[in-house]
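Undergrad: Build the 3D model from these lines:
(one chain, ligands or ions: 1)
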Amino acid sequence: MKTALLGYGVVGSGVHALAEARPEHGITISRVLVRRDIAPIRAIATRDFQEIVSDPSIETVVEVMGGEEPALTYVKAALAAKKHVVTANKLMLSLHYEELLALARANGVRLAFSAAVGGGIPWLANLLRVSRVDRIASLGGIMNGTTNFILTAMQQGGADFAETLSTAQKLGYAEADPTADIDGLDVRAKLALSCDAAFAQMADASAIPTLGIRYITAADVAQFHALGLTCRLIGKAERTEAGVAAYVEPMLFAADAPEAGVNGTGNIISYCCEGLGSQSFFGLGAGQAPTASAVMQDLIDVSCGATPFSLAHCEGSFVPDASKASHPYYLRTSGALPEGCIDRMLGQTPAGAACITAPMPVSALHALVQARLAAQESVFAAGLASLES
Ligand SMILES: NC(=O)c1ccc[n+]([C@@H]2O[C@H](COP(=O)([O-])OP(=O)(O)OC[C@H]3O[C@@H](n4cnc5c(N)ncnc54)[C@H](OP(=O)(O)O)[C@@H]3O)[C@@H](O)[C@H]2O)c1
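TA: Residues are numbered from 1 along each chain as shown. A predicted model of the protein is given here:
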């Protein structure tokens, strides 16, 4: 199957190497869209996307450029030209999934994106398979290696957030602009895509309440340690009486919870089904080899006509409602703690008083934190819940 790569960075070059290392699958990288000279692929490189989209011999386009544009324009043009598309771009997908899926359906081609959530972890494919025969009650877990590296390092080294982020950037685990990772936006996009596979409807990503780890302090982490708890950034979706609740927030886990044992850049994502019970997927959520492996799996599926992403699957989108999902929170704020919802005072930290709240609706706690942040307070909150609840 003649295939073009859009982008030749970490993932693109990894896909090329893997396709060449496994010629038995018949995936031939015949063109690569670049924007600078890359000597080893000069013979197949082009700076003109039209050369790819107008080439009838190219059946499949792999978009591994990242970002919203021009990736979106190129993917739409490829689908309209009846080429299958494989992408790892969760940002673009979370914003334009319905439109792209409709375009793929209309043109009778496939859109596959196993690498977009969990990197090399076989998460989306298995989530979709289990949703065909079981009812998924909840899903979620650690979906971002950068924030997990920061939280693990703070827990083990006692350093503050800014210093730990700087270390992560020096080691190449965090980008120069870390916003998407530390503010939970990357997890939000991955959660929205996971909802599609689990519930056959895409969650409106912009409506998912999202708290990141930007405001965590070393004193917060010391409080967690004293409580025997470990903080992890979690994306979670669960069925409630109000429909599906989806949210992204730091959460605290007991030492024997699987999430507490996932350190560094590791990921763990789980689903809980009515019949099958819980299953967890653990491993490297990013990096060249794992991500290229997931892209290659999609390419092999496409070439066999057997992509796990059925074009009949997603039917529209839904607005997640987190008003009926509820659990206690660790809450630390430089302002006054909210009256009426304190279950247990934890004492003073340099950045304000901390408490454990009584169980609170997720939507209410997120609204409270956003209002405090808007009022320039220093505030950090983390939920206390198990994924099986
Ligand atoms: N890296 C991972 O572990 C991982 C894991 C899961 C998903 N992903 C996703 O995979 C995608 C690619 O990530 P990556 O890590 O491979 O990024 P990367 O190393 O930055 O590579 C992106 C490549 O795309 C090229 N590019 C960008 N805009 C272009 C344009 N307009 N025309 C031609 N080439 C263009 C860049 O060219 P220059 O070299 O000239 O800048 C670069 O070579 C992203 O959507 C990312 O979210 C990555």
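Undergrad: Around the ligand, which positions in the stretch 201-350 of the chain sit nearby?
TA: 286, 287, 291 (CB under 6 Å from any ligand atom). Any C-beta I mention is one placed from the backbone N, CA and C, and that applies to glycine too.
Undergrad: The residue in the stretch 201-350 of the chain positioned nearest to the ligand: neighbour count?
TA: The ligand sits closest to residue 286 of the stretch 201-350 of the chain, with a gap of 3.3 Å, by CB to the nearest ligand atom. By other CB atoms under 10 Å, the residues close to residue 286 number 20.
Undergrad: so what's it up against?
TA: 119, 145, 265, 267 (CB atoms under 8 Å, 6 or more residues apart in numbering).
Undergrad: Could you provide the residues of the stretch 201-350 of the chain next to the ligand in JSON lines, with additional columns for distance to residue 69, pLDDT and secondary structure?
TA: What follows is those, written out as JSON lines (distance: CB to CB, whole Å; pLDDT from 0 to 100; DSSP: H, G, I helix; E, B strand; the rest coil):
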{"residue": "286", "distance to residue 69": "23", "pLDDT": "83", "secondary structure": "coil"}
{"residue": "287", "distance to residue 69": "26", "pLDDT": "86", "secondary structure": "coil"}
{"residue": "291", "distance to residue 69": "21", "pLDDT": "92", "secondary structure": "helix"}
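Undergrad: quick revisit: how far away is the residue of the stretch 201-350 of the chain closest to the ligand from residue 294?
TA: Per CB to CB, to the nearest Å, residue 286 is found 10 Å from residue 294.
Undergrad: between these two, what contacts are shared?
TA: In contact with both residue 286 and residue 294: residue 119, using CB under 8 Å, 6+ apart.
Undergrad: Taking the centroid of this protein, which residue is nearest it?
TA: Using CA atoms, centre = their mean, the residue of the chain that lies closest to the mean C-alpha position is residue 190, 3.1 Å off.
Undergrad: about what we covered before: give me phi/psi at the residue of the stretch 201-350 of the chain closest to the ligand?
TA: Phi and psi for residue 286, reported as degrees, to the nearest 10, are phi -160, psi -180.
Undergrad: Output the set of residues of the stretch 51-200 of the chain in proximity to the ligand.
TA: 64, 65, 66, 70, 88, 89, 90, 115, 119.
Undergrad: Spatially, which two of the residues you listed are the most separated?
TA: Spanning the widest gap among those are 70 and 119, at 23.6 Å by CB to CB.
Undergrad: neighbour-wise, which of those two wins?
TA: With neighbours defined as other CB under 10 Å, residue 70 and residue 119 compare such that residue 119 has more, 27 against 14.
Undergrad: That one and residue 288 touch, don't they?
TA: No: with contacts counted by CB atoms under 8 Å, residue 119 stays clear of residue 288, the gap being 9.7 Å.
Undergrad: which one of the residues of the stretch 201-350 of the chain next to the ligand sits closest to residue 106?
TA: Nearest to residue 106 out of those is residue 291 (CB to CB; 28.7 Å).
Undergrad: so what's the residue of the chain found nearest the ligand closest to, chain neighbours aside?
TA: Residue nearest to the ligand within the chain: residue 9 (1.8 Å; CB to the nearest ligand atom). Nearest residue to residue 9 in three dimensions, chain neighbours excluded: residue 64, at 6.9 Å (CB to CB, 6 or more residues apart in numbering).
Undergrad: For residue 153, give me its contacts.
TA: If you count contacts by CB under 8 Å, 6+ apart, residue 153 has them with 159, 164, 167, 168.
Undergrad: Kindly report the same for residue 213.
TA: Counting by CB under 8 Å, 6+ apart, residue 213 makes contact with 147, 150, 151, 161, 182, 184, 231, 233, 250.
Undergrad: can you pick the most crowded of these?
TA: residue 147 leads those on contacts (other CB under 10 Å) with 31 neighbours.
Undergrad: Just to be sure, it is in a strand?
TA: No: per DSSP: H, G, I helix; E, B strand; the rest coil, residue 147 lies outside any strand segment and is helix.
Undergrad: what sits against it?
TA: Residue 147 makes contacts with 181, 182, 184, 187, 212, 213, 233, as judged by CB under 8 Å, 6+ apart.
Undergrad: mind running it again at 6 Å?
TA: By CB atoms under 6 Å, 6 or more residues apart in numbering, the contact list for residue 147 reads 181, 213, 233.
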